[in-house]
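*Asks:* predicted coordinates and the sequence they were generated for:
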Amino acid sequence: MLDHEETMRLIELAQEGDEAAKSALLEHNMPLIKSIVKRYRSTVIEYDDLIQLGSLGLYKAMMNFNKSFGVRFSTYAVPMISGEIKRQIRDDGPIKVSRSTKALAILMNKYMEEFRNEKGREPTIAEIAEHFKTDEFEVVYTLDSTKMPLSLYEKYDDDSSSYLIDNIKTVDGTEDMIDKIMIKDLIDSLDERDKKIILLRYYRDKTQSEVAKILGVSQVQVSRLESKILLYLKEKLS
């Protein structure tokens with residue numbers, strides 16, 4: 001994924017009509033699209049079509065994003081990507097939501113009701129995520145998938161000009177940046193074969209079979225090598 005500054009630069013170019021910037025944003029956000037698409041693979045729509053729909057949602061997100069929203073682009077893009085897919089699914093067939101997602105949504109709504117009664121206001125997405133020890137993407141997806149009464153653009157009350165999206169706090173990315181630097185240095189220290197395996201698997205979203213084909217080895221060998229590399233990285237980071 002691109003860092004925040006580069007993402008903002010490319011979004012500005014994309015909104016000015018720069019096709020290269022649009023392509024770069026799509027390419028670097030494809031892992032995000034695929035992570036959302038996986039949730040809908042049990043629907044009637046083919047995987048490749050889901051990817052196309054997710055890409056359309058990302059395109060709409062990049063063309064409508066504004067820095068004044070006060071959130072990271074990826075946080076803004078998640079419900080846009082998911083919404084584009086769900087609109088198509090509603091035309092083709094019912095949306096299948098997993099039992100675990102339904103159960104989590106029930107717990108989240110119970111927490112939201114208790115929070116309102118105690119605090120006299122709606123909890124922010126960040127507060128819900130912190131309570132359930134998950135990320136904000138998961139909160140948005142869970143509540144949106146089950147059509148629960150929470151939206152990023154929902155007002156706190158009829159007299160308020162504040163929206164939920166205004167209360168998603170940006171976090172200090174210092175620790176994340178340090179972790180990324182450490183991981184990058186460790187990956188750079190690997191030999192070319194091991195480095196290629198990690199880059200293909202975790203930065204290009206390739207399957208072990210696809211990696212095996214590229215390297216000219218068996219899938220079993222890739223699996224064994226990957227486990228060995230991950231163990232090495234874990235030990236170095238601990």
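*Replies:* Structure received.
*Asks:* find the centremost residue of this structure, please.
*Replies:* Leu32 (4.3 Å; CA atoms, centre = their mean).
*Asks:* domain-wise, how is this protein divided?
*Replies:* 4-92, 99-167, 174-237 (automatic domain parsing).
*Asks:* could you export these as JSON lines, including mean pLDDT?
*Replies:* Shown next, in JSON lines, are the domains of the chain (pLDDT from 0 to 100):
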{"stretch": "domain 4-92", "mean pLDDT": "86"}
{"stretch": "domain 99-167", "mean pLDDT": "72"}
{"stretch": "domain 174-237", "mean pLDDT": "79"}
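*Asks:* name the helix or strand for the residue nearest to the centre of the chain, please.
*Replies:* Secondary structure from DSSP states H and E places Leu32 in helix 30-37.
*Asks:* just the buried residues of that helix, please?
*Replies:* 30, 32-33, 36-37 (16 or more other CB atoms under 10 Å). C-betas here are computed from N, CA, C, even on glycine.
*Asks:* ok, stretch 209-216 next?
*Replies:* In stretch 209-216, counting by 16+ other CB under 10 Å, buried: 211-212.
*Asks:* and the contacts of that stretch?
*Replies:* 193, 196-197, 200-201, 206, 218-219, 221-222 (CB atoms under 8 Å, 6 or more residues apart in numbering).
*Asks:* same thing but at 10 Å, please
*Replies:* For stretch 209-216, the external contacting residues (CB atoms under 10 Å, 6 or more residues apart in numbering) are 193, 196-201, 204, 206-207, 217-223, 225-226.
*Asks:* determine how far that stretch lies from the middle of the whole chain.
*Replies:* Put simply, stretch 209-216 sits 26 Å off its chain's centre (CA atoms, centre = their mean, to the nearest Å).
*Asks:* C-alpha coordinates for it, PDB please?
*Replies:* The C-alpha trace of stretch 209-216 is given here as PDB (Å, rounded to 0.1, in the frame of the first residue of the first chain):
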ATOM      1  CA  SER A 209       0.800 -22.300  -6.700                       C
ATOM      2  CA  GLU A 210       1.300 -19.100  -8.700                       C
ATOM      3  CA  VAL A 211       4.600 -18.400  -7.000                       C
ATOM      4  CA  ALA A 212       5.700 -22.000  -7.600                       C
ATOM      5  CA  LYS A 213       4.900 -21.600 -11.300                       C
ATOM      6  CA  ILE A 214       6.900 -18.400 -11.500                       C
ATOM      7  CA  LEU A 215       9.900 -19.900  -9.700                       C
ATOM      8  CA  GLY A 216       9.700 -23.200 -11.500                       C
END
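*Asks:* looking at it, Val139 is touching Leu107, isn't it?
*Replies:* No - between Val139 and Leu107 there is no contact, the gap being 11.4 Å when judged by CB atoms under 10 Å.
*Asks:* which of these two has more neighbours?
*Replies:* Val139 (26 against 13; other CB atoms under 10 Å).
*Asks:* kindly provide the distance from that one to Lys102.
*Replies:* Taking CB to CB, to the nearest Å as the measure, Val139 falls 15 Å from Lys102.
*Asks:* for Leu10, same thing?
*Replies:* For Leu10 relative to Lys102 (CB to CB), the value is 37 Å.
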